[in-house]
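Chemist: Okay, structure incoming, though there's no sequence with it:
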């Protein structure tokens, strides 16, 4: 059974590209929808840090569809809040 802790342990100390390869390999196995949702949430976090925002949001959306109420749904909600942020003071110095 996959948990957020053992996913993080598996990819710890690796570069972003290698982490994504490991997650894709793990996703190829026989998993529950919840486990696939966890993998997609972690993949989205890696993509977000790499500046690949669109791919990260897509991973969060796919993960939230597989595991409603899971971590990907929360990350998607936070991402939407970040993307919707508007500060008029920044427009009028």
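Modeler: On my side now, so go ahead. No experiment lies behind these values; they were computed from the predicted model shown. Numbering: from 1, shown residues only.

Chemist: Looking at residue 80 now. What's its pLDDT?
Modeler: Note for residue 80: predicted pLDDT of 92.

Chemist: Let me fix that, I meant to ask about residue 89.
Modeler: Per-residue pLDDT puts residue 89 at 80.

Chemist: any idea of the mean pLDDT for stretch 60-71?
Modeler: For stretch 60-71, mean pLDDT rounds to 95.

Chemist: scratch that, stretch 23-31
Modeler: 90.

Chemist: Could I get the buried residue list for it?
Modeler: For stretch 23-31, the neighbour count (16 or more other C-beta atoms under 10 Å) marks 23, 26, 31 as buried. Glycine gets a C-beta too; all of them are placed from N, C-alpha and C.

Chemist: ok, the residues you listed vs residue 41, which is closest?
Modeler: Within these, distances to residue 41 taken as C-beta to C-beta reach their minimum at residue 23, with 10.1 Å.

Chemist: looking at it, that closest one is touching residue 44, isn't it?
Modeler: No - using C-beta atoms under 8 Å, residue 23 is not in contact with residue 44, being 10.1 Å away.

Chemist: Determine the three-state secondary structure at residue 13.
Modeler: Using DSSP: H, G, I helix; E, B strand; the rest coil, the structure places residue 13 in coil.

Chemist: Number the chain from 145, please
Modeler: From this message on, residue numbering opens at 145, which makes the last subject residue 157.

Chemist: and it, what pLDDT?
Modeler: 93.

Chemist: now do residue 150
Modeler: Looking at residue 150, its pLDDT reads 90.

Chemist: now it, what's its secondary structure?
Modeler: Following three-state DSSP, residue 150 is assigned to helix.
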